[in-house]
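1. below is the structure, and that's it, no one-letter string:
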């Protein structure tokens, strides 16, 4: 009869027998050898049995029928020492017996050391548990369950396997590290971390407000422009927001500025998204870099730029005017990956237009503007929070041969810098640091907090010494970035050098062969703008989130990440980054930019997910949007809100669609022409720093509105808008961003509806929440009754793009958009009601109760 199991032939024990042997071995108590005990300690006193006993087992025979043979007294200390081996063996047996039956080697580890794949690799457990883990693994079973090994000709390397998985998306350098600790998702052509797997919602907010939090923003695109300075300036004027003033102040390279990009000569229409522009600082010799020489102007103009550059070197503030420098310059334009292709195309068209105008003006002068896409060449970390300066100071070490005294002064002052909000906005500092792995493990710089009496005598760390000299960095050089594409020493080599230190934990001394990495530190602030209403400014306790943007060459992301996060800094995903904008009261791109193509892509993807989730839910567990009166539950119908489109008859959810049997009327040609004209007018978003000034007059006419826009276009040497855009249509199709603060209760969610109120209803609401009511009084009841009134769909004036309970404010807060025309209507209503701010009603798309909120303009 053949054996029932495979192992019976080989004589191997079965699983049951192995388990019995394992349990028996675990319950065996070790006993000390008696031979060593007898020979180690001779017995001098035969009457004292305790004195003759050692750490081995006792030979004293106790007679239970008499008291003979027992000592008269026992020394507890000596008796315990004699039985130390037996006591220790008993404790080990108890621990082993309980652990062997219920816990495996990996289950005894703390939770932060456990990994999904740890059960397949013995080397992932500490040394003290490797023998036990190796014994728990069945080699035969592992060989059978594993995939068959390929032949040597068909085997692919680890790098090839990773590249094969990046066919339809790209990985960041920190992808593997984030994939083990965060939920990943395909976004904008990258595989990005959405949110940490651990509970990190409130800890991430606390870290951004009181500690430090890091976000890998290497997916942001960097576009490089090279060419003569006047032509580069003219190129930016053709595709950037003309409301931004003071560009000459930033052309020295000492500060970076943020603005919005548009399609070529299309302002205020065709908004693309926010961008950050950084000018390469002028070198002391007056030229940008050695790589720009092929693009230089003729020799005479080059000499002029050189001479004036020397005079500007002595000035270290932003008052140095580079407008007379006509030499070659370099610009970096950083933008979101969702609009990187559109921004690049807009810059290319604008550069072609400027070159054509320059050629028509002076055909003898030859000029070029070179555009390059630097994606994959520059890495970026966003380190936010008040402790971000101490984290950078503790993790990085600048090269010692730096002769710039102002940079040394800045680096020494980072220790006592409580927040980067005290620095000039967008300040750029160029440094060259050592390999951060040499200093591992890093230690945060500890700030010194002087007494209140001494604080008046010490100078405040206001860094007004930024300029072109402090922003110098070799990261602008393409050859330098190429040489640092791969570190010279691997982590294994660094660890071998560290193991030879006599004192563990001491930093390594840098060698001549070690890499020196050029970096750029850019001050970054996500801060709210001053509210337009005095009433809300007193009650709105929002504060900005400040930190740094760290730019460094590609190939060094993991080296910097491990050192920066070892200091206690948390890491942030896309959700945590969006919450920083929300808590600061600032619109986040692309979620809070309606009317932009990137917003439409995100909104459509979210609508598909919400609708699929709604369809999977049973009818008794999901809202009936048809009966709730929700006109558009999945997508915000901005065309209907602006009056450019007609609303649909019904949303279709929860109601039967009836088919009419009547013959339809023939189409009206006049109506068709009207629909065609309205379809040509698309919703557009009005953004910029001068938007509050433009909309300060609630009685502005469409002609005056068009005149203000043409003035801004003329500022950037753009022609007035085409005559096909009438003033009425331009003003009627404009959207403006607003923010809402709930009066008492409520926390609106995304896609919540914003309703306008008639004057009598607004007065009733004012009486309800202004009346001092005791606990459980009539005021709460009146507000509840008013909120239960179902508003008509014609009163919808906008939608909430981001809404939630704000942790910084301790109440509900929302960011949304409404038409410019409706904003003027709300302003006029506030004047009639003698209110300093407008009142609106907000209702969730799946809710039945309306809440009242203050509405104010979100300054951009």
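-> Thanks, I have the structure now. Only a predicted model underlies this, so the values are computations on that prediction, with no experimental measurement involved.
2. what's around residue 723, how many residues?
-> 6 (other C-beta atoms under 10 Å). Quick note: C-beta positions are derived from backbone N, CA and C, even for glycine.
3. one more: residue 852?
-> Residues within reach of residue 852, counting by other C-beta under 10 Å, total 23.
4. need the three-state assignment for it.
-> The local conformation at residue 852, judged by DSSP: H, G, I helix; E, B strand; the rest coil, is strand.
5. who are the contact partners of it?
-> Taking C-beta atoms under 8 Å, 6 or more residues apart in numbering, we find residue 852 in contact with 742-744, 765, 769, 783, 787, 839-842.
6. adding distance to residue 240, pLDDT and neighbour count, write the residues you listed out as a markdown table.
-> As requested, these are exported to a markdown table (distance: C-beta to C-beta, whole Å; pLDDT from 0 to 100; neighbours: other C-beta atoms under 10 Å):
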| residue | distance to residue 240 | pLDDT | neighbour count |
| --- | --- | --- | --- |
| 742 | 36 | 91 | 21 |
| 743 | 39 | 89 | 19 |
| 744 | 42 | 83 | 14 |
| 765 | 42 | 88 | 20 |
| 769 | 43 | 81 | 17 |
| 783 | 46 | 71 | 24 |
| 787 | 44 | 82 | 19 |
| 839 | 36 | 93 | 22 |
| 840 | 33 | 94 | 26 |
| 841 | 38 | 94 | 23 |
| 842 | 34 | 95 | 27 |
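7. what helix or strand does residue 815 sit in?
-> Residue 815 belongs to strand 811-819 when assigned by DSSP states H and E.
8. could you say what helices and strands the helix or strand following that strand packs with?
-> Once strand 811-819 ends, the next helix or strand along the chain (criterion: DSSP H and E) is helix 820-832. Helices and strands touching helix 820-832, as assessed by 3 or more C-beta pairs under 8 Å, 6 or more residues apart in numbering; DSSP states H and E, comprise helix 727-732, strand 734-742, helix 759-770, strand 838-843.
9. buried residues, the strand holding residue 815. List them.
-> 811-819 (16 or more other C-beta atoms under 10 Å).
10. quick check, nearest of those residues to residue 186?
-> Minimum distance to residue 186 across those is 25.9 Å, recorded for residue 815 (C-beta to C-beta).
11. dump the residue contacts of that closest one.
-> With C-beta under 8 Å, 6+ apart, residue 815 has these contacts: 582, 585, 587, 592, 737-740, 800-803, 858.
12. let's have the contacts of residue 852 in TSV, adding distance to residue 692.
-> TSV is the format used below for the contacts of residue 852 (distance: C-beta to C-beta, whole Å):
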residue	distance to residue 692
742	22
743	23
744	27
765	26
769	27
783	31
787	31
839	19
840	18
841	24
842	22
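13. thinking again about what came up before, need the contacts of residue 815 in JSON lines (columns: neighbour count).
-> What follows is these, written out as JSON lines (neighbours: other C-beta atoms under 10 Å):
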{"residue": "582", "neighbour count": "23"}
{"residue": "585", "neighbour count": "25"}
{"residue": "587", "neighbour count": "23"}
{"residue": "592", "neighbour count": "23"}
{"residue": "737", "neighbour count": "23"}
{"residue": "738", "neighbour count": "25"}
{"residue": "739", "neighbour count": "28"}
{"residue": "740", "neighbour count": "30"}
{"residue": "800", "neighbour count": "27"}
{"residue": "801", "neighbour count": "22"}
{"residue": "802", "neighbour count": "20"}
{"residue": "803", "neighbour count": "26"}
{"residue": "858", "neighbour count": "24"}
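14. can I get those in TSV with distance to residue 353 and pLDDT?
-> Formatted as TSV, the contacts of residue 815 follow (distance: C-beta to C-beta, whole Å; pLDDT from 0 to 100):
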residue	distance to residue 353	pLDDT
582	38	94
585	37	91
587	30	93
592	31	93
737	30	94
738	35	94
739	37	93
740	41	93
800	39	95
801	34	95
802	36	95
803	41	94
858	32	86
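15. follow-up on the earlier one: of all the helices and strands packed on helix 820-832, which lies closest to residue 78?
-> strand 734-742 (75.6 Å).
16. what mean pLDDT does stretch 354-371 get?
-> Mean per-residue pLDDT for stretch 354-371: 89.
17. going forward, count from 56.
-> Yep, numbering from 56; the last one is stretch 409-426 now.
18. buried stuff in it?
-> Buried, per 16+ other C-beta under 10 Å, within stretch 409-426: 409-410, 413, 422, 424.
19. between those, which is nearest residue 740?
-> Once C-beta to C-beta is applied, the member of those that ends up nearest residue 740 is residue 409, at 26.2 Å.
20. which SSE is residue 541 in?
-> Going by DSSP H and E, residue 541 is not part of any helix or strand.
21. that one and residue 609: what is the separation?
-> 9 Å (C-beta to C-beta, to the nearest Å).
22. what touches both of the two?
-> Common neighbours of residue 541 and residue 609 (C-beta under 8 Å, 6+ apart) do not exist.
23. which one of those two has more residues nearby?
-> residue 609 (18 against 11).
24. any idea whether residue 435 is helix, strand or coil?
-> Residue 435 - assigned by three-state DSSP - is strand.
25. pull the number of nearby residues for the closest residue to it other than its chain neighbours.
-> Leaving out its chain neighbours, the residue that sits closest to residue 435 by C-beta to C-beta, 6 or more residues apart in numbering is residue 272, at 4.4 Å. Residue 272 sits with 20 neighbouring residues when counted by other C-beta under 10 Å.
26. who are the contact partners of residue 272?
-> So residue 272 contacts 435-437, 604 (C-beta under 8 Å, 6+ apart).
27. likewise residue 629?
-> 240, 242, 247-250.
28. relative to residue 645, how far out is it?
-> As judged by C-beta to C-beta, residue 629 and residue 645 stand 12 Å apart.
29. angles on the backbone of the closest residue to residue 267 other than its chain neighbours, please.
-> Using C-beta to C-beta, 6+ apart and skipping the chain neighbours, the partner closest in space to residue 267 is residue 440 (3.8 Å). Main-chain torsions, residue 440, degrees, to the nearest 10: phi 120, psi 160.
30. how near is residue 440 to residue 431?
-> In terms of C-beta to C-beta, residue 440 sits 28 Å off from residue 431.
31. do the same with residue 425
-> 18 Å.
32. wait, isn't residue 265 in contact with residue 440?
-> Yes: look at residue 265 against residue 440 with C-beta atoms under 8 Å: they come within range, at 7.2 Å.
33. settle it for me: which of the two has more neighbours?
-> residue 440 (26 against 10).
34. who's in contact with that one?
-> Residue 440 neighbours (C-beta under 8 Å, 6+ apart): 262-268, 600, 602, 624.
35. redo that, cut-off 7 Å
-> 262-263, 266-268, 602 (C-beta atoms under 7 Å, 6 or more residues apart in numbering).
36. filter those down to the ones in helices?
-> Within the contacts of residue 440, residues falling in helices by DSSP state H are 262-263.
37. quick check: closest non-adjacent residue to the residue nearest the centre of the chain.
-> For the chain, the residue nearest the mean C-alpha position is residue 632 (3.4 Å; C-alpha atoms, centre = their mean). Excluding the flanking residues, the one nearest residue 632 by C-beta to C-beta, 6+ apart is residue 270, at 5.3 Å.
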